[in-house]
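Peer 1: need coordinates for the following:
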Amino acid sequence: MSAARVAADVVVFDMDGVLVDVSESYRETICRTVEHFTGRALAREAVQDYKNRGGLNNDWELAHTAIRERGVEVPLATVIERFQRFFLGDHDDGLIRRERWLPQPGRLEGLAARRRLAVFTGRPRHEAALTLARWAAGLLFDPVVCAEDVGAPKPAPDGLAAIRRAHAGARLAYVGDAVDDARCAQAAAVPFIGVAGAAGAQHDELARRFASLGAAAIVGDVNELEAVLT
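Peer 2: Sure thing, here's the model as predicted:
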C-alpha cells in the first residue's frame, strides 16, 4: 500500500492483527462479553470503530466502554472476569484456540536472518506466551514486552523505550495495526509501519489515520513487510 522504505535493525511487532488474526479470539470475546452484560449484540465492525478512535487499545477497557455506552454499569473487574472466561476457557482452551497465525511460512525466518525481531504487545504475558509457543516456537523475539512490563500502556512509549534500551544504538521500527500503536511509535520517535487491510471503508479510514500520525509506511498485511524495509 506504501512504497516508502524504512531502515531497521530491529523490527518490533505488535501481536494482535499483525502477527495473529484475532477476529475469532479477542474480537469475538469482546462481542460475547458485551452481549452477555447488555443483551445486545455488538457487531465486529463496531469493534473496529472503537479501535479507530484510539485510546482503547486494551480489549478489557474497550468491552467495558461498549457496555457503558449501552447504558449498563458493570465494574471493570467483573467485565474482565467474564472476558477471561470466554477467552481462556477452563484450561487455556477457550476462544484463544481460534487464533490464526498470519505470517506465511518462512517470512519471519527470512527477516530474522538479516534483522533482530522483538514484540511489544498489550497482551498479558501468559496469553502472549501461549500464542508464540503455539505458532512461533522456532523464532527468537527478544525482548517480548507485555502488559505487565510497562508502567503505562500504549499509546505511552514505555514498551518501545524498553526495547531501545535492550538494543542500544540499533535502529527500530514498530509494526502495528491500531491508532494507539501509531501514537506509541510517534511518542517514542520510532518509525511506524502501519498494517491496514486493503478492503473496506474502516480500513481506508485507518490508513488515513496512520498517515496523519506520520507512518513511515503502510502495508496491507505482515507478509508485505519485506518490501518496505531496507
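Peer 1: my read: residue 173 touches residue 5, true?
Peer 2: No: at 10.6 Å, residue 173 does not count as touching residue 5 under the criterion of Cβ atoms under 8 Å. C-beta coordinates here come from the backbone N, C-alpha and C atoms, glycine included.
Peer 1: flag every buried residue along the helix or strand of the chain with the lowest mean pLDDT.
Peer 2: Using mean pLDDT, DSSP states H and E, the weakest-scoring helix or strand in the chain turns out to be helix 201-212, at a mean of 87. Residues of helix 201-212 classed as buried by neighbour count (16 or more other Cβ atoms under 10 Å): 202-203, 206-207, 209-210.
Peer 1: tell me the pLDDT at residue 200?
Peer 2: Looking at residue 200, its pLDDT is 59.
Peer 1: domains of this structure?
Peer 2: Domain segmentation of the chain under automatic domain parsing yields 10-21+99-228, 26-97.
Peer 1: hmm, back to that, which helices and strands sit right next to the least confident helix or strand of the chain?
Peer 2: Other helices and strands packing on helix 201-212, by 3 or more Cβ pairs under 8 Å, 6 or more residues apart in numbering; DSSP states H and E, are helix 44-53, helix 179-188, strand 192-195, strand 217-219.
Peer 1: output those as JSON lines; include the columns mean neighbour count, distance to residue 122 and mean pLDDT.
Peer 2: Shown next, in JSON lines, are the helices and strands packed on helix 201-212 (neighbours: other Cβ atoms under 10 Å; distance: least, Cβ to Cβ, whole Å; pLDDT from 0 to 100):
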{"stretch": "helix 44-53", "mean neighbour count": "17", "distance to residue 122": "12", "mean pLDDT": "90"}
{"stretch": "helix 179-188", "mean neighbour count": "24", "distance to residue 122": "8", "mean pLDDT": "97"}
{"stretch": "strand 192-195", "mean neighbour count": "27", "distance to residue 122": "15", "mean pLDDT": "97"}
{"stretch": "strand 217-219", "mean neighbour count": "23", "distance to residue 122": "21", "mean pLDDT": "95"}
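Peer 1: which one, of the ones you listed, ends up nearest to residue 110?
Peer 2: Among the helices and strands packed on helix 201-212, the nearest to residue 110 by Cβ to Cβ is strand 217-219 (15.4 Å).
Peer 1: elements contacting the closest one?
Peer 2: On a contact count with 3+ Cβ pairs under 8 Å, 6+ apart, strand 217-219 meets strand 192-195, helix 201-212.
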